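# Dropping a prediction and its sequence here:
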There are 2 protein chains.
Amino acid sequence: MLPTQPAELRRIIRAGEFAGVTSGLANGHVQANLAVLPRDLAFDFLLFCQRNPQPCPLLEVIEPGFVEPTFTAPGADISTDVPAYRIYENGEMVAELESVAEVWRDDLVSFLLGCSFSFEAALADCGIPLRHQEARSNVPMYITNIPTRPAGMFSGPMVVSMRPIPQAQIVRAVQVTSRFPDTHGAPIHIGDPDAIGIRDINAPEFGEAVEIRPGETPVFWACGVTPQAVALNCKPPLMITHAPGKMFITDRRDSDYAVI
Amino acid sequence: MLPTQPAELRRIIRAGEFAGVTSGLANGHVQANLAVLPRDLAFDFLLFCQRNPQPCPLLEVIEPGFVEPTFTAPGADISTDVPAYRIYENGEMVAELESVAEVWRDDLVSFLLGCSFSFEAALADCGIPLRHQEARSNVPMYITNIPTRPAGMFSGPMVVSMRPIPQAQIVRAVQVTSRFPDTHGAPIHIGDPDAIGIRDINAPEFGEAVEIRPGETPVFWACGVTPQAVALNCKPPLMITHAPGKMFITDRRDSDYAVI
């Protein structure tokens, strides 16, 4: 039985006693995507996130070389407290590790970005069903024809996630996710996959397809895979990310990020 | 009679035909605070804004040397389209100019930040009176004891603006400004100046004091003077800002920035 408090969970992860997916853990606390880049790319990546807040909602940026997210998780260590990390060199994955303390460098800047777990909890609280959770699969994600606003070397299309929503609940789904702009916010698109460049709704680029039942409409949200996809596309000499579904658990509550 | 369209207004400003305060111009369009810094301070200042979104809501960052805000005002020139600029060297004002095209440098990064004009329009639309506008004076602003979250060389206390709000309208004032996190958003504090380090409500550090009538409560919002005060406090070798009340007029509508 895992503890429910973020600090306790991170302690267990740091000790190497848990390396699984974090979905459903520390309920009510914000989980974060991780992207780590060398300092000489950090200004452009920070600017990229500022210009694309829906796919890249910044929760915290840790300054070069430091590993403590003093704002979202004081006392934590970003180089050890994520269940699993992926190391990329020139855009190619070269390792998956449970700690990056050994490979840490003084010039590394860590970016923590909001993730969809927060707004999915808000949708579930409103009684809006989440098909991929019912199916125990990863949410389907698609590369769109929606361009991001480039910054320096960083550019590329937006990635979105899709959830089928019963038509009577679409307004509520828009309202409730609009409250959380720091965890992707309101939908990017409602209804027509083709309008945003998605050719085959049954063939997502990431995750797994889900059934869209009669009376349901596909609703699309900006996805936190976007900044990773864009960054890797640019083949930085070094990039470290969390492994899919294995997020950094912060001390902050989802409700801390509601704008109203 | 001045035109009401942003592009026309900017053309007149660029031509040197208008150098006044922009309050009330281009109604319904977002106006922006300007801060320009050399590239070697830009990452830290961008990080400072990311860490302090209430006083420093970033609307756009223009990359080193460029002068066109392609997102908020395509075709504009940030070095000529503000009615008046102030030049600071090592924290001291050395000039006020109507154009900075002559002193522009390839390493200058421009930051456009949201301003209170947007949420004041939203308050007025709800029938909430704005005392400083009635008095035709500048809103009172105070240095608080609320620390900002530092980044690199940038640190210092938050500056807030104050508006007396009739008690029956405070809830509405919170709701309506919460819709606009990119133009300072919800209040920072309601009611007790002393609780945020304001000794004398009749002696603001910037702007002019206004009357607080019986049945009204002072309500405080994060103020866009904060990033300028913080930056100047750190005495950067060069900083360019707009002159007080003489803002950059963007093409974007206030409603574009409503989160719901």
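Thanks, I have the structure now.

# Counting neighbours, what do you get for A:G75?
As a burial measure, A:G75 scores 12 neighbours (other Cβ atoms under 10 Å in any protein chain shown). No exception for glycine: its C-beta is placed from N, CA and C like everyone else's.

# For it, give me phi and psi.
phi 90, psi -10 (degrees, to the nearest 10).

# That one against A:A7, yeah?
Yes - at 6.9 Å, A:G75 and A:A7 qualify as touching, with contact defined as Cβ atoms under 8 Å.

# Which positions in the stretch 51-200 of chain A make contact with chain B?
Contact residues (Cβ under 8 Å from any Cβ of the partner chain) of the stretch 51-200 of chain A with chain B: A:51, A:58, A:61, A:63, A:71, A:149, A:151-152, A:175, A:178-179, A:181, A:185-186.

# Residue in the stretch 51-200 of chain A with the shortest distance to chain B?
Closest residue of the stretch 51-200 of chain A to chain B, Cβ to the nearest Cβ: A:S178 (4.0 Å).

# quick one, what contacts that residue?
By Cβ atoms under 8 Å, 6 or more residues apart in numbering or on different chains, A:S178 lies in contact with A:185-186, B:259-260.

# hmm, which of those residues are the buried ones?
The neighbour-count test (16 or more other Cβ atoms under 10 Å in any protein chain shown) marks A:185-186, B:259 as buried among those.

# Domain-wise, how is chain A divided?
A:6-115+A:234-257, A:117-226 (automatic domain parsing).

# any idea of the pLDDT on the residue of the stretch 51-200 of chain A closest to chain B?
Per-residue confidence at A:S178 stands at 94 (pLDDT).

# again, but for the one 5 residues further on
With respect to pLDDT, A:T183 scores 92.

# before we move on, what about A:N233?
Value for A:N233, per-residue pLDDT: 87.

# Not counting its neighbours along the chain, what's nearest it?
A:G156 (4.9 Å; Cβ to Cβ, 6 or more residues apart in numbering or on different chains).

# ok so, going back, do you know which of the domains of chain A lies nearest B:V30?
B:V30 lies closest, by Cβ to Cβ, to one member of the domains of chain A: domain A:6-115+A:234-257, at 15.7 Å.

# From one end of that closest one to the other, what's the distance?
17 Å (Cα to Cα, to the nearest Å).

# Mind listing what's buried along stretch A:215-229?
A:216-229.

# Likewise for stretch A:141-150?
In stretch A:141-150, counting by 16+ other Cβ under 10 Å, buried: A:141-144, A:146, A:148, A:150.

# Of the contacts of A:S178, which is the nearest to B:V36?
B:V259 (28.0 Å).

# who's in contact with that closest one?
B:V259 neighbours (Cβ under 8 Å, 6+ apart): A:178-179, A:181, A:185-186, A:259-260, B:179-181.

# So what does the closest residue to A:H29 other than its chain neighbours look like in phi/psi?
Counting by Cβ to Cβ, 6+ apart, A:P6 is the residue found nearest to A:H29 once chain neighbours are left out, at 5.1 Å. Dihedral pair for A:P6: phi -50, psi -50, per degrees, to the nearest 10.

# Look up how far chain B lies from A:P6.
20 Å (Cβ to the nearest Cβ, to the nearest Å).

# was I right about that residue contacting A:A26?
Yes - between A:P6 and A:A26 a contact is recorded at 5.0 Å, counting by Cβ under 8 Å.

# where do the contact lists of these two overlap?
A:I249.

# returning to that earlier point: output the domains of chain A as CSV; include the columns distance to B:D81.
Shown next, in CSV, are the domains of chain A (distance: least, Cβ to Cβ, whole Å):
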stretch, distance to B:D81
domain A:6-115+A:234-257, 21
domain A:117-226, 21
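
# Break down chain A into its strands, ranges please.
In chain A, the strands defined using DSSP state E lie at A:29-38, A:58-62, A:85-89, A:92-97, A:108-114, A:141-147, A:157-166, A:189-190, A:216-222, A:239-242, A:248-253.

# on that earlier part again, from the buried residues of stretch A:215-229, which shows the smallest pLDDT?
A:Q228 (87).

# wait, what's in contact with the closest residue to that residue other than its chain neighbours?
In space, and not counting its chain neighbours, A:Q228 is closest to A:T241: 5.5 Å by Cβ to Cβ, 6+ apart. Each residue near A:T241 by Cβ under 8 Å, 6+ apart is listed here: A:33-36, A:85-86, A:88, A:228.

# Could you rerun that using 10 Å?
A:33-37, A:82, A:84-88, A:93, A:111, A:225, A:227-228, A:231-232 (Cβ atoms under 10 Å, 6 or more residues apart in numbering or on different chains).

# Just give me the longest helix of chain A.
Longest helix in chain A by number of residues (criterion: DSSP state H): helix A:39-51.

# Okay, buried residues for that one please.
For helix A:39-51, by 16+ other Cβ under 10 Å, it's A:41-51.

# which of those residues lies closest to B:D200?
A:Q50 (37.3 Å).

# quick one: A:A35 and A:Y85 touch, right?
No - taking contacts as Cβ atoms under 10 Å, A:A35 lies outside contact range of A:Y85: 11.0 Å.

# overlap in contacts of these two?
Joint contacts of A:A35 and A:Y85 (Cβ under 10 Å, 6+ apart) are A:240-242.

# Quick check, the residue nearest to A:H29 in contact with A:A32.
No - checked against Cβ under 10 Å, the pair A:P6 and A:A32 is beyond contact range at 11.1 Å.

# and stretch A:174-190, how far apart are its ends?
10 Å.

# what comes up buried for that stretch?
A:174, A:176-189.

# for the residue sitting furthest away from the middle of chain A, what are its contacts?
Distance from the C-alpha centroid of chain A, by Cα atoms, centre = their mean, peaks at A:P214 (29.3 Å). By Cβ under 10 Å, 6+ apart, the contact list for A:P214 reads A:Q167.

# Give me the more crowded residue out of A:P6 and A:A32.
A:A32 (31 against 24).

# Quick check: that one vs B:P38, distance?
32 Å (Cβ to Cβ, to the nearest Å).

# again with A:A42
17 Å.

# Same check on A:P236?
Relative to B:P38, and taking Cβ to Cβ, A:P236 is found at 25 Å.

# Pick out whichever of the two has more residues nearby.
Shown here are A:P236 and B:P38; by other Cβ under 10 Å, A:P236 has more neighbours (19 against 16).

# Identify the residues contacting A:V160.
Contacts of A:V160 were listed using Cβ under 10 Å, 6+ apart, and they are A:54-55, A:140-144, A:146, A:184, A:187-189, A:193, A:196-198, A:204, A:218-223, A:225-226.

# can you tell me which residues contact the residue lying closest to A:Y257 once chain neighbours are set aside?
Among residues not flanking A:Y257 along the chain, A:D182 sits closest, at 4.5 Å (Cβ to Cβ, 6+ apart). With contact taken as Cβ under 10 Å, 6+ apart, A:D182 is in contact with A:30, A:53, A:57-59, A:113-114, A:118-119, A:252, A:254, A:256-259, B:53, B:181.

# Kindly write the PyMOL command that selects the buried subset of the residues you listed.
Buried subset of the contacts of A:D182, written as a PyMOL selection, criterion 16+ other Cβ under 10 Å:
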select buried, (chain A and resi 30+53+57+58+59+113+114+118+119+252+254+257+258+259) or (chain B and resi 53+181)
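
# Please tell me I have it right and A:G191 contacts A:I170.
Yes - between A:G191 and A:I170 there is a contact at 8.9 Å, judged by Cβ under 10 Å.

# Overlap in contacts, these two.
Counting by Cβ under 10 Å, 6+ apart, the residues touching both A:G191 and A:I170 are A:217, A:219.

# any idea how far A:G114 is from A:P181?
From A:G114 over to A:P181 the distance is 9 Å, taken as Cβ to Cβ.
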